[in-house]
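[1] sequence? don't have it. structure:
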């Protein structure tokens, strides 16, 4: 099905936008986001099983949980450069294969070392999908709806997380606990990983039916192929115009993209747009969101929730996250990226501060059980979920939208590589440190730190982030 949409280019002519084809492309590309979310969230309900199987202490749990982040940092950095060499679609195919291998190996791991290797392999896929899916979507969609379509990536990330939470809960409930035997007498926590192989295989197969990014094809001198793709997307007249527009944007500094392009040749300094990208990537993690994603069950059990109820709380957070992302899809192309980031920063700062206060009142009973007195348990639960809503209505999807569209064509791959690498390094620092920080100095101080970074992110956005709403990718300046 096609619609008529007014073109946004200099010609200002009517473009025939094939919304059905674009929707199909976005649906396939964002399966990578689902895998990103599932691979990140599946660890949440498996930590008791890992402890029992591999005799892990707190540091060991942190290393096993954080192993995926090492792979993710490498995957994000390598994928940005690889996508400039072999293409966006081929890079996503490689990520899908890595997801498949990781799922099978993690579930079958007989030692902590093998498990860590499996999670690093999965991390390579997560890192690649995290940076390539948004840029691919941004390169095949019209500027007028690019933000909402790229935001679908975050919906799929949260759907993957929620899918992992639901699968973990169902398996643990049916087996009688995450460490209890399940099908073929393997413990339930192993099946939590093996189930991931199903969507990974679907992702790999589906990628064969979508085209390569036309901007990559033009950059490689394959203009005839790019024209075919653009014609299917926007019609022949718009395809003629876009091929010339993309070619001209690359001709300003025509050579193979490389990391040194991130340095301004006039000033000899790193381009300001890269600092903005790195800042967005790092602050998205410094607010502590992945503590909820990776340690949600452990966190709620630490303040008195049962394993069953803690897993249910994870599902609630996932559902609220999806609802928040749907809000962003409806508004990001109307009110813009920057206002959403500012609202999110302010909301997260307040709600994180409330969570920190609630945890500061925790008491330990005579039996050693920890609980939150009075209504502070409710305060912690409500504030934590409001925090999740603010994050997923702003920084969750919008950071990926901006990284996919803010860089000029010549440095998009390199800019994503560096920003994605920074994002995953920050993710690793927060995630690996949390188990130790939760004990000393404690949850209250740890969440106060996250609230502080949320407040700082408000001023960072206000000062250094430029709006990209409605701008063509060829008009982005660095």
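    Alright, I've got the coordinates. Bear in mind the structure is a predicted one, so any value in this text is a computation, not a measurement.

[2] I'd like the next helix or strand past the strand or helix carrying residue 107.
    Per DSSP states H and E: residue 107 is located in helix 88-108. Of the helices and strands lying after helix 88-108 in sequence (DSSP H and E), the nearest is helix 112-140.

[3] got the buried residues for that following helix?
    112, 115-140 (16 or more other C-beta atoms under 10 Å). (C-beta placed from N, C-alpha, C; glycine too.)

[4] so how far is it from its chain's centroid?
    10 Å (C-alpha atoms, centre = their mean, to the nearest Å).

[5] got the angle between it and helix 88-108?
    160 degrees (axes from the mean of the first three to the mean of the last three C-alpha atoms, to 10 degrees).

[6] Okay, now the unreliable bits of this protein?
    1-15, 58, 251-260, 292-311, 314, 364-371, 472-478 (pLDDT under 70).

[7] the strands in it, which residues?
    In the chain, the strands defined using DSSP state E lie at 3-6, 14-17, 363-364, 370-371.

[8] Tell me how far the residue nearest to the spatial centre of the chain lies from residue 30.
    For the chain, residue 130 is the residue whose C-alpha lies nearest the centre (C-alpha atoms, centre = their mean; 5.2 Å). To residue 30, residue 130 is 12 Å away according to C-beta to C-beta, to the nearest Å.

[9] same thing with residue 424?
    Distance check for residue 424 against residue 30: by C-beta to C-beta, it reads 19 Å.

[10] what do you get for residue 376?
    38 Å.

[11] And these two? Which one has more around it.
    Per other C-beta atoms under 10 Å, whichever of residue 376 and residue 30 has more neighbours is residue 30, with 28 against 20.

[12] Grab the nearest non-local neighbour of that one.
    Of all residues not flanking residue 30 in the chain, residue 156 sits nearest, at 4.2 Å (C-beta to C-beta, 6 or more residues apart in numbering).

[13] again with residue 279
    In space, residue 279 is closest to residue 460, 5.4 Å off (C-beta to C-beta, 6+ apart).

[14] Around the one you found, how many other residues sit close by?
    Neighbours of residue 460 (other C-beta under 10 Å): 17.

[15] Okay, it and residue 123: tell me how far apart.
    The value you get for residue 460 to residue 123, if C-beta to C-beta is used, is 27 Å.

[16] Then residue 219?
    The gap separating residue 219 from residue 123 is 28 Å, by C-beta to C-beta.

[17] just the helices in the stretch 251-400 of the chain please.
    272-286, 289-302, 307-335, 337-360, 376-392, 395-405 (DSSP state H, counting those that start in this stretch).

[18] Skip the chain neighbours and tell me the closest residue to residue 242.
    residue 230 (5.1 Å).

[19] Sorry, slip of the keys, the one I care about is residue 197.
    Excluding the flanking residues, the one nearest residue 197 by C-beta to C-beta, 6+ apart is residue 103, at 4.2 Å.

[20] How far does stretch 211-229 stretch from one end to the other?
    Stretch 211-229 has an end-to-end distance of 7 Å (criterion: C-alpha to C-alpha, to the nearest Å).

[21] and for that stretch, what are the contacting residues?
    For stretch 211-229, the surrounding residues in contact (C-beta atoms under 8 Å, 6 or more residues apart in numbering) are 25, 83-84, 87-90, 135-136, 139-140, 230, 232-233, 239-240, 242-243, 246-247, 250, 257, 409, 473.

[22] Could you give me the ChimeraX selection string for whichever of those are buried?
    Selection command for ChimeraX covering only the buried members of those, criterion 16+ other C-beta under 10 Å:
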select :25,83,84,87,88,89,90,135,136,139,140,230,232,233,239,242,243,246,247,250,257,409,473
